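Undergrad: With the sequence up front, the predicted model follows.
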Amino acid sequence: MSSLLPTAAAAARAPPQHRQPDTGYPNNNGGGGTAEDKFERFERWLRENGTYYPELELREYDSSEATSAALRDKQYDYDGGDADAAEEKKDAKSNLDTDRDGNDEHGRSAEESEMRGVHCTSTLPPNSVCVAVPRRCLVTVEMGQQTPIGQAILMSDLDLDAPKHIFLMIYLLWDRKVNGPRSFFAPYYDILPPTLSNMPIFWSDDELAELTGSYLLAQIADRNEAIAEDYHAICDIAPELANIATLDEFKWARMCVCSRNFGLQIDGHRTSALVPYADMLNHYRPRETKWTFDDEREAFTITTLQGIPAGAQVYDSYGQKCNHRFLLNYGFAVEDNREIDGFCPNEVPLELTVPPGDPLYEARMEFWTRGEDVLHHGSGGGGGGGVAALAAAVQAAANAGREMGQDPSALVESALRAAAAARERNHHLSGRNGAIQAAAAVKRVRICVSNNENTRAMFSMLRVLACNEVELRAISTAPTAASNGGGDSSCSNYVSRALLGLANANTGGQEAGSSDAALGAGRGGSAASSSSPPPISLYRSCRDIRHPLNVRNEKAAMALLIDIITDTLQKYPTSLAQDIMDLVDESEYPRFSNKRHAKIQVRGEKEVLHHFAQWAKAALDVLDVIEMELAIERGDVDDEGNPLTIQDPRFDYVIRAMEDEESSGGDDALHHTIVRYCADVLDSLRREELKIMRRIRLATTRSAERQGQGY
């Protein structure tokens, strides 16, 4: 579900009139005077206020029914929360394990720990509206903004972690406290879960210990801290909040709101809302329904995307997400979190660091943090926009000066001197603030079993970390153009590069050429040993090196990746093999238990790590073959002076064997992303290396011929 921003005041509506629920209403089975339970009161309230769901019913499950459903790969919903830009909506459930008195492991009664789902009483055809909740039954952001506390927040300049969700939380807490059972929404409030112990921010120390080694522990701590900071910040400007809710109640509201709210567009304005009944649909992928706010019907609607047979549960999809998001925000982890095409969105954060003992630390850090505001790291202010704006301003001044008959290069040179001085001051400041620079040295990238943008960024940063001095100089410098020879475009490019701290305009092309030769020599003893990155290329940041620099660097990058993964895996107390065995033991890791969900999470992280370890090892094997082919092409000899010959299979044979194994689906088959990297990326590197090697050999031959002819 997309995360939408709060709507403008035009989408606001006044809260409905408060009314006292009639607890003597007949139950759904048609009985005359039996007292209703809270769900029957809730459904009656919905019907009385125009909610439409004629072919749906709520069903309660016992443990055996829920387990059977789970075994059919249907995942039940748990409440959870996130910041504004992450999760929206969902329904709550609790762990299924209960004691002989009907209480679960947290001492809750059977009614409190019950699990429910929405089922259809008759077959639902495709593209049919199965739920319509009228606007008056929705709790919106604007309703929270109209409360006294909401007004105080609006008039303040608070920097809240979840500003959109805050207003829904405030209305929920305020209305429950001030109006209590007289609230129009009282029947809805009654069915909200009283506790959310399945949410990681409420886990016990023993349960959190199951996540040892996982970065999710840091995220849980950050979540708790952010909620507490929001609570205390609001109490400072609206002290009455402390009389309405404790910090624990504020956390509870945060989890309810963040897990249940829908991002909607009402009357052309974006808002968020709690939608009773709609938030009780459980999760299943691929999605079977879709939802929206229908302005003509003045109602939130759920529409089927396919036929749903009578008696089947009706599901919502919480989206394609990594298990860490499901667990942090909804309180569950999906055992087999895969899409129809086999893609698994599970991720693991990998930390890449410029080590303090790096002999090239200063030079590498300059490129590592290029385009970032190191002194304000994490504040959202990057250097790219400022550089572009300043470059444009300098160019405009130069143009104006030219029109007035002044030398534009003088204006440019003056601006560059000022920029260089400011940049030097920043370097001195960052040098005095070791903590800031140390933080900037660490980059965290989330990777999954895919060749997506994050994967490519990771490989790019690994190549930077693996650079030797010559390679680092080649990727961190750029071609230059004098301001007096290239026209307005050259001047603008010159200014932009200089403001970024790239090569000086006076270096010219000779240095680039010498760098190219030196880069070749640095890799293998001669300029022909390997290709170099084109000296005219400009890598704007450490994330932009999307192709291998050369064989030496790519091998070093892959070896570094193996080291990083090995260190990361050592942080976990158990191996992947042990996790797989543990999950088979349902007596030790019961279904729906927090302990099991934690184990599913860390198992998924390790699966991703093992995938990339396999990727790196396969790449190193192929790179060894390429390196041998290049040595033979170069005419290298062995220790006895004999020309080298390939004893092992050549590149084409190795790649064909990989592709055949992948097609057959054998146990030893590599993932298709690994095969394609080896077959395409490394082959491109191999062909480029051979082409440059042959070009240099041809140039050397022609030079010798000219010398022999006396030229």
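TA: That came through, no problem. Numbering: from 1, shown residues only.
Undergrad: Could you list the low-confidence segments of the stretch 501-650 of the chain?
TA: Applying pLDDT under 70 to the stretch 501-650 of the chain picks out residues 501-538, 637-641, 644, 646-648.
Undergrad: Could you do the stretch 1-150 of the chain as well?
TA: Residues of the stretch 1-150 of the chain that meet the cut-off, pLDDT under 70, sit at 1-34, 62-115.
Undergrad: Distance of residue 551 relative to residue 635?
TA: Plainly put, residue 551 is 17 Å away from residue 635 if you go by CB to CB, to the nearest Å. C-betas here are computed from N, CA, C, even on glycine.
Undergrad: so who does residue 275 touch?
TA: By CB atoms under 8 Å, 6 or more residues apart in numbering, the residues touching residue 275 are 89, 133, 137, 138, 260, 262, 300.
Undergrad: Tell me the bridge partners for the nearest residue to it once chain neighbours are set aside.
TA: In space, and not counting its chain neighbours, residue 275 is closest to residue 300: 4.9 Å by CB to CB, 6 or more residues apart in numbering. Legend: beta-bridge partners of residue 300 under DSSP bridges are residue 133, residue 293.
Undergrad: Give me the number of neighbouring residues for residue 300.
TA: The tally of other residues near residue 300 (other CB atoms under 10 Å) stands at 25.
Undergrad: For residue 294, see how far away it is.
TA: Residue 300 is 8 Å from residue 294, where distance means CB to CB.
Undergrad: which residues are common contacts for these two?
TA: residue 132.
Undergrad: For stretch 227-243, which outside residues touch it?
TA: Contacting residues not belonging to stretch 227-243 are listed as 148-149, 152-153, 156, 158, 160-162, 166, 170, 173, 177, 201, 247, 250-251, 254 [CB under 8 Å, 6+ apart].
Undergrad: Now which of those would you call buried?
TA: Neighbour counting with 16 or more other CB atoms under 10 Å marks 149, 152-153, 158, 160-162, 166, 170, 173, 201, 250-251, 254 as buried within these.
Undergrad: Lowest pLDDT pick from the residues you listed?
TA: Across these, the bottom pLDDT score, 83, is held by residue 162.
Undergrad: For the stretch 251-400 of the chain, which segments count as strands?
TA: 262-266, 269-274, 282-283, 289-294, 299-304, 315-316, 347-353 (DSSP state E, counting those that start in this stretch).
Undergrad: Report the beta-bridge partners for the closest residue to residue 281 other than its chain neighbours.
TA: The spatial neighbour of residue 281 that comes closest, neighbours along the chain excluded (CB to CB, 6+ apart), is residue 316 at 3.9 Å. With DSSP bridges as the criterion, residue 316 is bridged to residue 283.
Undergrad: Looks like residue 316 contacts residue 285 (just checking).
TA: No - here residue 316 lies out of contact with residue 285, judged by CB atoms under 8 Å, at a distance of 10.3 Å.
Undergrad: Neighbour count for these two, which is higher?
TA: Neighbours per residue (other CB under 10 Å) separate residue 316 from residue 285, with residue 316 holding more: 25 against 20.
Undergrad: tell me the contacts of that one?
TA: Residue 316 is in contact with 89, 90, 278, 281, 282, 283, 284, 287, 289, 291, 302, counting by CB under 8 Å, 6+ apart.
Undergrad: Ramachandran angles for the residue lying closest to the last one once chain neighbours are set aside?
TA: Excluding its sequence neighbours, the residue lying closest to residue 302 (CB to CB, 6+ apart) is residue 131, at 4.0 Å. When read as degrees, to the nearest 10, the backbone of residue 131 gives phi -140, psi 140.
Undergrad: Tell me the spacing between residue 131 and residue 47.
TA: Per CB to CB, residue 131 is found 12 Å from residue 47.
Undergrad: Which one of these two is surrounded by more residues?
TA: The residue with more neighbours, out of residue 131 and residue 47 and counting by other CB under 10 Å, is residue 131; that gives 26 against 12.
Undergrad: ok so, going back, residue 621: which of the buried ones among the contacts of stretch 227-243 is nearest?
TA: Ranked by distance to residue 621 (CB to CB), the buried ones among the contacts of stretch 227-243 are led by residue 201 at 44.3 Å.
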